[in-house]
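Asks: model the following, please.
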Amino acid sequence: MKKILFFLVTVFVLASAQAQDSRPSLLILDFEIEDDNLAQGAPVDVSENERRLRLAHSVMLEAFQQDGTYQIIDKSAIDATIHALRQSQALHTCNGCELDLARQAGADYVLVGWVQKVSNLILNVNAGVREVQNGREILTRSVDMRGNTDPSWQRAVTRLARDVIARLKEKTSTR
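Replies: As a prediction, this is how the structure comes out:
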């Protein structure tokens, strides 16, 4: 009986804490890449690209968590759906599928990030944020980077995250 009571109290406390979090919620999807080297038939280290995309996602996620203005939605419940969608299309060009994902996750806003890799010297990292309720694009930002290295990716995404956070606050503070 004590175990059941403890369980019920724990569930109630956790549910109450989530209900009391009045911060707007944000789903941050994994970053994607448009690698022009693939189109040109040049050799591409796919595992290196994927590792750097995970780095970009973690830098963006950490910046939003440290800022604390937005409640970050755990995307693990929709990971299988995300994976299935990505088999046939990029989420930043899917005509609203990112909104469907965000609705499934219960988010107010969704951030989609992608990297355009022209070469190992010329890249840019981008982020777009949309309001889930009405599908309106809130902002799209981009930062150029030079050099396909971990430090250049980290600097670029850090700069992009600061810009996105500041502009998103400006655009959502009147809501």
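Asks: please, which helix or strand holds Val143?
Replies: With elements delineated by DSSP states H and E, Val143 resides in strand 137-146, which encompasses its position.
Asks: what's the helix or strand that that strand is followed by packed up against?
Replies: Scanning forward in sequence from strand 137-146 by DSSP H and E, the next helix or strand is helix 150-172. In terms of contacts (3 or more Cβ pairs under 8 Å, 6 or more residues apart in numbering; DSSP states H and E), helix 150-172 is packed against helix 46-67, strand 109-117, strand 122-131, strand 137-146. Where you see a C-beta, it was placed from the backbone N, CA and C, and this is true even at glycine.
Asks: what lies in contact with the last one?
Replies: For strand 137-146, contacts defined as Cβ atoms under 8 Å, 6 or more residues apart in numbering pick out 109, 121-131, 152-153, 155-157, 159-160, 163-164, 167-168, 171-172.
Asks: compare the helices and strands packed on helix 150-172 and give me the one nearest Glu98.
Replies: strand 109-117 (5.1 Å; Cβ to Cβ).
Asks: could you give me the average pLDDT of the closest one?
Replies: The average pLDDT for strand 109-117 rounds to 97.
Asks: same check, this time on stretch 121-129
Replies: 97.
Asks: and for stretch 67-78?
Replies: For stretch 67-78, the mean per-residue pLDDT is 97.
Asks: show me which residues of it are buried.
Replies: When neighbours are counted by 16 or more other Cβ atoms under 10 Å, the buried residues of stretch 67-78 are found to be 70-73, 75, 78.
Asks: strands - which of these land there?
Replies: When the buried residues of stretch 67-78 are checked against strands (DSSP state E), the matches are 71-72.
Asks: go through the buried residues of stretch 67-78 and name the one nearest Asn49.
Replies: Among the buried residues of stretch 67-78, and counting by Cβ to Cβ, the member closest to Asn49 is Lys75, at 20.2 Å.
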